[in-house]
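[1] give me a model of this one.
(chains A and B)
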Amino acid sequence: MDYLDGVTILLVVLGLVGIGIYTLMISRSLIKIIIGMQLMVKGVLLAFVLAGRISGNMGLGQSLALTIIVVDTIVAVVALAMAVRVRRRFGTLDPRALTTLRR
Amino acid sequence: MINGWLLLLPIGIPWLGCLAVWLVGDRRPRLQHTLAVIFSILAGVAGLALIPWSTQRLTLLLSLGGIFDAFRLATDGLSVFLTVVATVIGSLAVIFSVDYMHGEHSLGRYYAFVLFFIGSMSGLVLTTSLLWMFVFWELTALCSYALIAFHNDDPKAVRGGIKALIMTQLGGLGLLFGALWLYTYTGSYDIPQFLGSPNSVPPTVLSWMAFGFLIAAAAKSAQFPFQTWLPDAMEAPTPVSALIHAATMVNAGVYLLARFYPAFEAVPGWRFAVMVVGMLSAFLAALMALVSFDLKRVLAYSTVSQLGFMVYAVGAGGVFASQFHLMSHSVFKALLFLAAGAVIHALGTRDMRQMGGLGPSMPFTHVVFTLGALALAGIPVLNGFWSKELILEVGLGHGNPTWIVSLMILSTGLTAAYTVRMVAMVFYGRGHQDHHEAHDAGTAMKTALIPLAAGTLTTWLLLGPFYASLKLSLPHHKLELNAVWEEAVGKAGVSEWEMTFKVGLEILREPSTYLVLLVVVLGVAAWLGRARLASLIATFRGVEKAAQASFGFEAINEVVVQAVQRAGEALRATQTGYLAWNIFAILLGWLVVLILTMLGRAG
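    I've put the predicted structure just below:
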């Protein structure tokens, strides 16, 4: 792998994580927040693969990435289920409705 | 190694009991009483079972990964002694509570916190890791807060609890910084290792640590200038005052100073500062006790004053004397508090002006209270006399400043005066109309009071064995008895019990003993003859006024408490609950860490 390739992948990682964080900060819908989280996790996943490549532990990086995919899917499913519950209970997907933890 | 697990018992049994009492629930108060008593007595037995290991080291090490240090426990004379005090007096306080708390609601909360406290206190003294010591230190502060504010529908109790929490927390900061500094410079939280080589830490940092620990100890032990939280803590149920605010938790500060004495001994100005803190507390609190009318507040001031004696003793170089007085004090002060609890329980008031003439109607309480009071005043044969003499002997030798020890001797006179005043106001004089049918202590109360009364008469006999176990098990402490005594006890083949006898004889031979006794008698006489001295006392009106107003320290403490509370209210604005703000804060924190790391790389 070329040095430039590494830098490109790193930039993609930073871009994905940055977009994810930005989404988390500005969006006012739980669905969009979950999407932002997914983007961030994908960036982190890529970073693991890259780190494995650089340190020469290809297998370790990739197996960690696979673990993350599994965990992340579960997180997404549970979060979406919670979003549905929130919508039914509060009538909105705006996270600001949850600040006091009561209706 | 199998024995190492024994060390977990004095911590684990009360904690299990805490869970059990809580789970039983408030619907079944009888079962709660029974369970609390059973578990506390088991804890007491576990504490006593450690005594054989007070001279040989028993250790337990549970690895917890890198950051939080291993969970280390070890025994030596000092830690075993304090564990025994915590668990045994703890179980007596719980037995006393069966009568005292009869019919109160939320017993589960009460017993759970008392048992949790007993376990935490054992952990505090048994651990040899500074970080874990801090954790247990804060756990005891939490229990103390929760129990002071036990009657949480009473605003005074809640305020007292919060004040105690904030003041002791302030001290906890000193301990935490000390622990972190120690880790930064030596890479471990291990206390014995630090005591062995205190110079592994640079001198400036060592002196910062020394004074930080002094603040921690002063805040925990209610010493000058933090002494005002302890009288306010008297809103707690009386067995709690006896256990936490007289016999155990407030001694943690003295324990801390004594434990770290070898490391800080050489820090310039430290010993002097410790002596001054102890002297001021002993003297000012004795004055305040002399003018207070609330029975429990008198006892609280007297606790501050006696803790001042112990702190002074550590500063003067008498680690053994301070610990010996700690032992005597925790026995006779627990006795006094519990007996006072019996009086308060019978009358329903704490104001001594409403008492008087209780001698005939409460004969048993009268006898044990007087016994404790005599020990507090320092009357011979009772344990308070011997230990106080030891402290003053240490103060007179070792090239310690004379003016400080003179004030300490004056404080013993004041102690005698306020003790006589207290006993006279409660048990003698003309009775108050309403109290003719005041009932004496109940069975459970008597069960708790009798061992303490017996202890008040006899614990001084342990002087020799206690000294021997400390001497054998604390390699870094220089336990110096006075040179004359070294000669008396230094001969080979002197058994431990013989040593008690010889040191006792030496105390009786010292001229200073009679000086102190004279001051004590003068103090008693001053109270009895106060009518004659009226004109002289009138000149001290100003002092009396100042003492009733806590010499203005109340205001300082109040400012600290208010500042903390206001800061808390102000910081509440940052807890918006909005996701966007939290993410922003995370990013900000990440940036700070990144910049610090990069600076660290560059440096």
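
[2] helix, strand or coil for residue 102?
    Reading this off chain A. coil (DSSP: H, G, I helix; E, B strand; the rest coil).

[3] was after chain B, sorry
    coil.

[4] now it: how far from chain A?
    For B:H102, the distance to chain A (C-beta to the nearest C-beta, to the nearest Å) stands at 39 Å. Placement of C-beta: from N, CA and C, glycine included.

[5] what about that residue, neighbour count?
    13 (other C-beta atoms under 10 Å in any protein chain shown).

[6] and the pLDDT at it?
    At B:H102, the pLDDT value in this model is 82.

[7] enumerate every residue touching it.
    Listed by C-beta atoms under 8 Å, 6 or more residues apart in numbering or on different chains, the contact set of B:H102 is empty.

[8] show the pLDDT at residue 12.
    Just so you know, I chose chain A. Per-residue pLDDT puts A:V12 at 93.

[9] oops, chain B please
    B:G12 is given a pLDDT of 89.

[10] contact partners for it?
    By C-beta under 8 Å, 6+ apart, the contact set of B:G12 is B:G119.

[11] what about it, which helix or strand?
    helix B:9-24 (DSSP states H and E).

[12] what does B:M279 give?
    helix B:270-291.

[13] just give the nearest non-adjacent residue to the residue in chain B positioned nearest to chain A, would you?
    In chain B, the residue that lies nearest chain A is B:G577 (3.3 Å; C-beta to the nearest C-beta). Distance criterion C-beta to C-beta, 6 or more residues apart in numbering or on different chains; nearest residue to B:G577, sequence neighbours excluded, is A:T99 at 3.3 Å.

[14] next, count neighbours for that neighbour.
    12.

[15] these two touch, right, it and B:T576?
    Yes: the criterion here is C-beta atoms under 8 Å, and A:T99 meets it with B:T576 at 6.8 Å.

[16] just the endpoints, please. Distance across stretch B:358-368?
    Separation of the first and last residues of stretch B:358-368 by C-alpha to C-alpha, to the nearest Å is 13 Å.

[17] for the top helix by length along chain A, packing partners?
    Ranked by number of residues, the top helix in chain A under DSSP state H is helix A:58-90. Here helix A:58-90 touches helix A:30-55, going by 3 or more C-beta pairs under 8 Å, 6 or more residues apart in numbering or on different chains; DSSP states H and E.

[18] do the helix it packs on and chain B meet?
    Yes: contact of helix A:30-55 with chain B (C-beta under 8 Å from any C-beta of the partner chain) involves A:I33.

[19] got the angle between that helix and helix A:58-90?
    Angle between the axes of helix A:30-55 and helix A:58-90 is 170 degrees (criterion: axes from the mean of the first three to the mean of the last three C-alpha atoms, to 10 degrees).

[20] and whatever residue of chain A ends up closest to chain B, what are its phi and psi?
    Chain A approaches chain B most closely through A:T99 (3.3 Å), counting by C-beta to the nearest C-beta. Backbone geometry at A:T99, expressed as degrees, to the nearest 10, gives phi -60, psi -30.

[21] may I see the buried residues of stretch B:183-193?
    Buried residues in stretch B:183-193, counted by 16 or more other C-beta atoms under 10 Å in any protein chain shown: B:Y183, B:S188, B:Y189, B:D190, B:I191.

[22] what's the nearest residue to B:A146 if we skip its chain neighbours?
    Nearest to B:A146 is B:F113, by C-beta to C-beta, 6+ apart, at 4.9 Å.

[23] and the one you found, how many neighbours?
    A count of nearby residues for B:F113, using other C-beta under 10 Å, gives 23.

[24] quick one: buried residues of the helix holding B:G12?
    Using 16+ other C-beta under 10 Å as the test for burial, helix B:9-24 gives B:9-15, B:17-18, B:20-22, B:24.

[25] please apply the same query to stretch B:518-525.
    B:V519, B:V520, B:G523, B:V524, B:A525.

[26] now secondary structure too, for those, in a markdown table please.
    Formatted as a markdown table, the buried residues of stretch B:518-525 follow (three-state DSSP):
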| residue | secondary structure |
| --- | --- |
| B:V519 | helix |
| B:V520 | helix |
| B:G523 | helix |
| B:V524 | helix |
| B:A525 | helix |
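
[27] closest to B:S406 among these?
    Nearest to B:S406, judged by C-beta to C-beta, of these is B:V519 at 10.0 Å.
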